[in-house]
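Asker: need coordinates for the following:
(2 chains)
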Protein chains: 2
Amino acid sequence: MFQVNENYLKLPGSYLFSAIGKKVSVYSQANPDKKVIRLGIGDVTQPLAPAIIEAMHQAVDEMGKAETFRGYGPDLGYGFLREEIAKKDYQDRGCQIDSDEIFVSDGAKSDCGNIQEIFSQDSRVAVCDPVYPVYVDSNVMAGRTGDYDEKAGVWSKVIYMPCTAENHFVPKPPKEERPDLIYLCNPNNPTGTTLNRDQLKVWVDYARQVGAVILYDGAYEAYISDSDVPHSIYEIPGARSCAIEFRSFSKNAGFTGVRLGFTVIPKDLKCGRVSVHGLWARRHGTKFNGAPYIVQKAAMAVYSEQGRAQLKEQVAYYMNNAKVIRDGLESGGYQVYGGVNAPYIWLKTPDGMSSWDFFDWLLERANVVGTPGSGFGPSGEGYFRLTAFGTYENTVEAIERIKGLRRP
Amino acid sequence: MFQVNENYLKLPGSYLFSAIGKKVSVYSQANPDKKVIRLGIGDVTQPLAPAIIEAMHQAVDEMGKAETFRGYGPDLGYGFLREEIAKKDYQDRGCQIDSDEIFVSDGAKSDCGNIQEIFSQDSRVAVCDPVYPVYVDSNVMAGRTGDYDEKAGVWSKVIYMPCTAENHFVPKPPKEERPDLIYLCNPNNPTGTTLNRDQLKVWVDYARQVGAVILYDGAYEAYISDSDVPHSIYEIPGARSCAIEFRSFSKNAGFTGVRLGFTVIPKDLKCGRVSVHGLWARRHGTKFNGAPYIVQKAAMAVYSEQGRAQLKEQVAYYMNNAKVIRDGLESGGYQVYGGVNAPYIWLKTPDGMSSWDFFDWLLERANVVGTPGSGFGPSGEGYFRLTAFGTYENTVEAIERIKGLRRP
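Answerer: Modelled structure (predicted):
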């Protein structure tokens, strides 16, 4: 009789955002008259920029004519896009990244989830706590995380690096245990906080010293406003030999429903004589078949002069929402973090409420959906995430509603 | 020091089609005056049908307006598409498949490659020989295949089921070893041959008897013309409790560069009390983020009256090419198989030439690219695959060139 991958059975409950979705759906069905405002999941609401729409129409037309039709694209992405990314996202910022070190994919979530697969089964994994659940869950599925302690909400073999208000959300390199893979997200999801150049340098130096790989999630790069926050880990000397970077078009260009991302693996990243770059290329060739031509053409518009100007406005729109949330909650007596270089606001739940109690309270009383901090890890308990990706009108209304509540 | 997944290092050479691509590229660069005709990789050449182009333009426009913009879609696919698939591909053919048993993805290659992950590490895998390389390579990466015997071209722990002219390309259930996972592709890639209902029933009965799962690749379903060849494994009684089916929009609708496929996991497929359906849903939720809205809308046009009529013509176009290849090669004295219910023609290399020798000979003398049968497994040695996916003009020219060659 066939057997299933028993590591899957160790996963507690369902994926965080599916669980929230179900709760909201139950509430909405029971209260059809209530207008629920969703500031939970990090999904964008603004339509695609005109330059992107135009590029997509053109690409669709190309697909409809024999002379310009494109079938299977290159597994690793079209050269035109890989070159544009290498130049505009890296070389123009002084980072030495070549186009053949860029792997175009259907999104950063897929890449973040799949990357662990090219590393050894017994790799030790270190994550910030709280953390984007995909990093941990994908390693659970691979059997790397040991046993789950349901009460503590932690896995026995995962190295957790707490990030709380007490340490200003800056993770410290582990001292007692030596990780092989270190997941870092900067600007951070869920806390909305950042590591500056000096703080990131500590990590690059540490990774090189202990022989670890940093899996660097830069999905929120477009929201950086402070000049001392690096836009890429490759701005830090030495990162080419110890870091993989994930990037997304979802948040800077509204591609959440369009699907595109990329991963950078410098050729200097090696385990002995084995090139990690080559392994990931082999995975792409075997388990992936390239991103859609139309979508890759759309991404080109993200880098055009017109596209850049339009997207700058879009980012500003969301960051204005972030300011509305920050200022509103602060004036309502809440302690808030993030929201300056990131589209996430991380707030302390009032009066010691648990994250899920606050979730229920906010859903029922204000009909506002956020994400319970404890869903991101035990150190997220007592925190709550709101996103700036709503419409301006909904954001204002949600904050007014929250401010109008009598604190529990 | 971090370590890599050493199973990757066991993989011999590179992915078959990358290897061919490189050989062709070297030849073309050295002979820029030669017009190379590619009938190697299974990529389509006809442009997308007008109904699909129209649907895509509409969807692009929706993405450009706030009222109709779509962000993250459901991980498992939009309800509208899952329902259409369940009805038109299954219920209308008398198969009991519900829409929530359909998982929409970015393509059948990804799904075929990833599916092994939800099964136990020590699962025994059975494949036809010759076989689509992804089935084997993805299991190599997972460490299930034992050691590679370079001379024999086989993995010590894989159960091979030879399919050659001698057994009319019909695989026999293994007797001495008991597989947990059985990959079947019908109509078959690479041989272009098929299993009829009775032959497939043998497999369903066997899988149920030994407790194995059939991983059924139906990517070429649209090319079936004989009425005794099943369009889905769920036409066979009992398949709901032992089979997973993969389907693609690449070959029936020209989506090779658009990227869309789906996987069917009936809820009756269980290991004890564990639902395989639930595991795959969890994987989708963790390592995938849905297929593009625009592409899912395009797929809807595949099922419209207009779209169906247009695609029927497209399939007929390619199957006419298949006839050109079959008839041409037969009149040139070649022994050919397939090409009736599938867009692949599988030919016996002349005079005992090896598959790669024939590849080189054909490339150099006729400037025609095919795929060496041995690239699909040891029993493919002495065979060669040509595809019907070229243009009519190129197909005719390629066959004329081959017929004009003096046999080696």
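
Asker: how close does the closest residue to A:Thr164 other than its chain neighbours sit to A:Thr395?
Answerer: If you skip the residues right next to it in sequence, A:Thr164 has A:Ser379 as its closest partner in space, 5.4 Å away by C-beta to C-beta, 6 or more residues apart in numbering or on different chains. (Glycine included, C-beta is placed from N, CA and C.) The span separating A:Ser379 from A:Thr395 equals 27 Å under the rule C-beta to C-beta, to the nearest Å.

Asker: now A:Val276
Answerer: Plainly put, A:Val276 is 41 Å away from A:Thr395 if you go by C-beta to C-beta.

Asker: who's more crowded, those two?
Answerer: Ranked by neighbour count (other C-beta atoms under 10 Å in any protein chain shown), A:Val276 and A:Thr395 place A:Thr395 first, with 25 against 21.

Asker: mind checking pLDDT for the nearest residue to the more buried one once chain neighbours are set aside?
Answerer: Ranked by C-beta to C-beta, 6+ apart and with sequence neighbours excluded, the top spatial neighbour of A:Thr395 is A:Asn321, at 4.4 Å. As predicted, A:Asn321 sits at a pLDDT of 98.

Asker: can you name every helix or strand that the helix or strand where A:Asn321 lies contacts?
Answerer: Here A:Asn321 sits within helix A:305-331, counting by DSSP states H and E. For helix A:305-331, the packing partners by 3 or more C-beta pairs under 8 Å, 6 or more residues apart in numbering or on different chains; DSSP states H and E come out as helix A:50-63, helix A:250-253, helix A:293-303, strand A:336-338, strand A:344-348, helix A:392-404.

Asker: just name the most buried of those.
Answerer: strand A:344-348 (a mean of 26; mean count of other C-beta atoms under 10 Å in any protein chain shown).

Asker: now A:Arg282: closest residue in space that isn't a chain neighbour?
Answerer: Among residues not flanking A:Arg282 along the chain, B:Tyr8 sits closest, at 6.2 Å (C-beta to C-beta, 6+ apart).

Asker: try A:Phe103
Answerer: Of all residues not flanking A:Phe103 in the chain, A:Thr263 sits nearest, at 4.6 Å (C-beta to C-beta, 6+ apart).

Asker: follow-up on the earlier one: what number of residues lie near the residue nearest to A:Arg282?
Answerer: Around B:Tyr8 there are 21 other residues, counting by other C-beta under 10 Å.

Asker: quick check on the closest residue to A:Thr371 other than its chain neighbours: phi, psi?
Answerer: Among residues not flanking A:Thr371 along the chain, A:Arg385 sits closest, at 4.3 Å (C-beta to C-beta, 6+ apart). Taking degrees, to the nearest 10, you get phi -110, psi 130 for the backbone angles of A:Arg385.

Asker: residues contacting stretch A:348-364, please?
Answerer: Residues external to stretch A:348-364 that are found in contact with it (C-beta atoms under 8 Å, 6 or more residues apart in numbering or on different chains): A:20, A:23-24, A:27, A:36, A:165, A:333-336, A:368-375, A:380-384, A:402, A:407-408.

Asker: give the buried residues for that stretch.
Answerer: By 16 or more other C-beta atoms under 10 Å in any protein chain shown, the buried positions in stretch A:348-364 come out as A:Lys348, A:Thr349, A:Pro350, A:Met353, A:Ser355, A:Trp356, A:Phe358, A:Phe359, A:Trp361, A:Leu362, A:Leu363.

Asker: which bits of the stretch 151-300 of chain A sit near chain B?
Answerer: Taking C-beta under 8 Å from any C-beta of the partner chain as the test, the list of the stretch 151-300 of chain A residues beside chain B reads A:180-181, A:211-213, A:254, A:256-259, A:271, A:274, A:276, A:279, A:282-283, A:285-295.

Asker: drop anything exposed from those residues.
Answerer: Neighbour-count burial within these applies to A:180-181, A:212-213, A:254, A:256-259, A:271, A:274, A:276, A:279, A:282-283, A:285-295; the criterion is 16+ other C-beta under 10 Å.

Asker: who's the residue nearest to A:Thr371 bridged to?
Answerer: Per DSSP bridges, the residues bridged to A:Arg385 are A:Trp346, A:Thr371.

Asker: wait, what's in contact with the closest residue to chain B within the stretch 301-408 of chain A?
Answerer: Using C-beta to the nearest C-beta, the single residue of the stretch 301-408 of chain A nearest to chain B is A:Thr391, 7.8 Å away. A:Thr391 makes contacts with A:Thr45, A:Gln46, B:Ala66, as judged by C-beta under 8 Å, 6+ apart.

Asker: A:Ser99 and A:Val276: what is the separation?
Answerer: Separation of A:Ser99 from A:Val276 (C-beta to C-beta): 18 Å.

Asker: that'll do, ta.
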